[in-house]
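Chemist: Model the structure of this input:
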Amino acid sequence: MPNPFSRPSLSLLVLVLAFGLSACVPRQLLVNGAADALTAQGQAEEEDIGLAREASAFYLKLSESLLRQSPGHLALAESVASGFTQYAYAFVASEAERMMNTDAKAAHQLNERARRLYLRAHRHAMAALAQSSPGLVASLAKTSGPLAGLLKPEEVGVAYWAAASWGAYIALSKDDPDAVADLPLAVRLAEMVWRSAPTFGQGSAASLMGNFEAARPGGSMAKAAAYFDEAIAAGGGQNPGPLVAKAEAIAQAAGDRQAFEALLQQALSVSAKRMDLSSQVMRQRAQWLLDNVDDLF
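Modeler: Have a look, this model is predicted:
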């Protein structure tokens, strides 16, 4: 899936500068061309977390401005939504969690920032989906009965990030009844993604379902564990994300320290062989959780 943290290339910058130099080329063609270039550039992997953090702000702002000019560009919408969601998780919410015991006020401010970033990601993704499938949002509001039809293949990624960012926003909005009331809609959207492409993102769709099942009122921990196992299998056991998610959502919730540590050690082993940024972020989180295991149990 597109990596929102890659460095903009020289060719991309030249293309962006062309906006002010090519009066003879239709504006929308330029916008779409730049959007395509940004999306393609997003496929590159950046393993250095510090460098990714420094570069991502520019990438996200540029991508977002182009998306506003070309809101129907689903691939760019996916890149923008994933970028804001992952930036909020890796660089803002995680930092807040680490400083909660030492500076609660600063941690709260960071969580508020993460919440705004998650909402920003969600709105971009939902706007793109609404343009692609105008009846989709209305179908989500029907919280009873079977889900509407499957997503188009090109909608799956942006719908995944719409659901993921929505869930993250709700998790940080527990004092906002209106936000919490949207949880069933977020779950339905995640389920639509999972049913449309069960193996999406090497198990990311199934893992998201596991997180929602474990977190929602009345959710089944056995069902959540089955989703996580499905996610681990979809990634061939080589995706650290579902391993970390299962450790936190299932083992920690059950008070099973042995299983918690085993899953995190497996995540460390897997991520050591994968130098992409998302794996390194998961590696960093797994190590932090292990370092603080005495406080968690």
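
Chemist: low-confidence ranges in this structure?
Modeler: Within the chain, the segments meeting pLDDT under 70 span 1-49, 51, 143-149.

Chemist: Looking at it, which helix is longest?
Modeler: Looking across the chain with DSSP state H, the single longest helix is helix 104-132.

Chemist: Sort out which residues of it are buried, please.
Modeler: Buried residues in helix 104-132, counted by 16 or more other Cβ atoms under 10 Å: 107, 110-111, 113-115, 117-129, 132. Quick note: C-beta positions are derived from backbone N, CA and C, even for glycine.

Chemist: Measure how the helix or strand containing I170 sits relative to helix 104-132, angle-wise.
Modeler: Assigned by DSSP states H and E, I170 falls within helix 156-171. If you take axes from the mean of the first three to the mean of the last three Cα atoms, to 10 degrees, helix 156-171 sits at 150 degrees to helix 104-132.

Chemist: what's the closest non-adjacent residue to G255?
Modeler: F297 (6.7 Å; Cβ to Cβ, 6 or more residues apart in numbering).

Chemist: dump the residue contacts of the one you found.
Modeler: 252, 255, 257, 260 (Cβ atoms under 8 Å, 6 or more residues apart in numbering).

Chemist: any idea how far it lies from S79?
Modeler: 38 Å (Cβ to Cβ, to the nearest Å).

Chemist: next one: A57
Modeler: Taken as Cβ to Cβ, the span from A57 to S79 is 15 Å.

Chemist: In terms of helices and strands, where is the nearest residue to L268 once chain neighbours are set aside?
Modeler: Nearest residue to L268, sequence neighbours excluded (Cβ to Cβ, 6+ apart): A286, at 5.3 Å. Element membership for A286, per DSSP H and E: helix 277-291.

Chemist: contacting residues around that helix?
Modeler: 3, 5, 45-47, 49, 52, 86, 89-90, 94, 98, 239-241, 243-244, 247-248, 260-261, 264-265, 267-268, 270-272, 274, 296.

Chemist: Which of those are buried? Put it as a PyMOL command.
Modeler: Buried subset of the contacts of helix 277-291, written as a PyMOL selection, criterion 16+ other Cβ under 10 Å:
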select buried, resi 3+5+45+46+49+52+86+89+90+94+239+240+241+243+244+247+248+260+261+264+267+268+270+271+274
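
Chemist: re earlier: who has more neighbours out of A57 and S79?
Modeler: Shown here are A57 and S79; by other Cβ atoms under 10 Å, S79 has more neighbours (33 against 12).

Chemist: quick one, what contacts the residue nearest to W161 when sequence neighbours are not counted?
Modeler: Nearest residue to W161, sequence neighbours excluded (Cβ to Cβ, 6+ apart): A81, at 3.8 Å. Shown in contact with A81 (Cβ under 8 Å, 6+ apart): 121-122, 124-125, 128, 158, 161-162, 165.

Chemist: next one: E155
Modeler: Contacts of E155 by Cβ under 8 Å, 6+ apart are 74, 129, 132-133, 196.

Chemist: Confirm for me that A231 is in contact with P198.
Modeler: No - if you go by Cβ atoms under 8 Å, A231 and P198 don't touch, sitting 9.5 Å apart.
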